[in-house]
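> quick one, structure for this:
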Amino acid sequence: MPHFLDIHTTDKSALRAMIDQARAIKDARNGLPKATPDAEQPLANHMVALIFEKPSTRTRVSFDVGVRQMGGQTMVLSGNEMQLGHGETIADTARVLSRYVDLIMIRTFEETVLQEMAEYASVPVINGLTNRSHPCQIMADVMTFEEHRGPIAGRKVVWCGDGNNVCASFLHAAGQFGFDLTFTGPEALDPDPEFVARARDQGAQVEIIRDPARAVEGADLVVADTWVSMHDSQSNRERRHNLLRPYQVNDALMAQAKPDALFMHCLPAHREEEVTNAVMDGPQSVVFDEAENRLHAQKAIMRYCLGV
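The predicted structure is shown next:
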């Protein structure tokens, strides 16, 4: 079953084909009104279930629009409506949904929910985000870098802040796409050692450098993410802010990177916290290209899963 659960569990050649197809999809839409269907309608007569245990803006809109532009239909379901793993087991939910729809995208909290859904579904399952990883985002990020700067292989990516789920998927991608990754952040928020080791085993140079100015030297891409989750308590927010304040991406930090280095953020951003307005809105920022490319990258992912 061609699921898309994580970057490191997907074949390298398939990942490259998805990036190339995403760029072709985007090129084909240039100049068209946003509501115009794609010339190709590969999802015609296909129904896609979009499950959101975790709230979303970009993931929900980009998947919904993507399915519709490719001729398919969506069924959007919230965690409250489904009560995943409470009123009915995840395995039974997967079996039932597979009788109704052709593809399932799930954005959830626990990795085990995603894995169980994929194990028991008889249709492909896409990871829209878990607490452990966010592969669709990083596919869009790789696409965005390459459309601005060419192949990402051999480049230096610097992650500033918290070694969270998005950072994890960047580590997965480092091994699969052949770029190097430097993490700069407090030791208490280091990325999972398992993910670091896997990327190194695949030939990527992965470094952990506490001094952010030294970390970004020679960087081709600097990436940040929010310091706090919407679910964090006030006391935890204050603790994380204190830990992460030295790792804010600002003009002074970007000046240490290559002159043509790009800045990315998966959004939503807390401006003047993890990144300043000057960087977010500056010439090195590609955050809104990155957001748009979620649409195109996910179209390619869905086509891969459905074989269309």
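> what pLDDT does the residue nearest to A188 when sequence neighbours are not counted get?
Leaving out its chain neighbours, the residue that sits closest to A188 by C-beta to C-beta, 6 or more residues apart in numbering is L243, at 6.2 Å. C-beta here means a position set from N, CA and C on the backbone, and glycine is covered the same way. Here the pLDDT value assigned to L243 is 96.
> who touches L243 in this structure?
Contacts were defined as C-beta atoms under 8 Å, 6 or more residues apart in numbering; by that measure L243 touches 186, 188-189.
> with distance to A269, secondary structure and neighbour count added, can I get those in a markdown table?
As requested, the contacts of L243 are arranged in a markdown table below (distance: C-beta to C-beta, whole Å; DSSP: H, G, I helix; E, B strand; the rest coil; neighbours: other C-beta atoms under 10 Å):
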| residue | distance to A269 | secondary structure | neighbour count |
| --- | --- | --- | --- |
| P186 | 20 | coil | 17 |
| A188 | 22 | helix | 11 |
| L189 | 18 | helix | 17 |
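> make a markdown table from these and add distance to I51 to it.
What follows is the contacts of L243, written out as a markdown table (distance: C-beta to C-beta, whole Å):
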| residue | distance to I51 |
| --- | --- |
| P186 | 34 |
| A188 | 32 |
| L189 | 29 |
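> would T74 count as being in a strand?
Yes - using DSSP: H, G, I helix; E, B strand; the rest coil, the assignment for T74 is a strand.
> low-confidence bits of the chain, can you list those?
85, 230-232 (pLDDT under 70).
> may I see the buried residues of the longest helix seen in it?
Longest helix of the chain, by residue count under DSSP state H: helix 287-306. Using 16 or more other C-beta atoms under 10 Å as the test for burial, helix 287-306 gives 287, 289-306.
> show me what it is packed against.
helix 12-29, helix 58-69, strand 103-107, strand 125-129, helix 135-149, strand 262-265 (3 or more C-beta pairs under 8 Å, 6 or more residues apart in numbering; DSSP states H and E).
> change it to 6 Å
helix 12-29, helix 58-69, helix 135-149 (3 or more C-beta pairs under 6 Å, 6 or more residues apart in numbering; DSSP states H and E).
> now do whatever helix or strand comes next after the longest one: distance to the chain's middle.
Read that as helix 12-29. Scanning forward in sequence from helix 12-29 by DSSP states H and E, the next helix or strand is strand 47-52. Here strand 47-52 is found 18 Å from its chain centre; the criterion is C-alpha atoms, centre = their mean, to the nearest Å.
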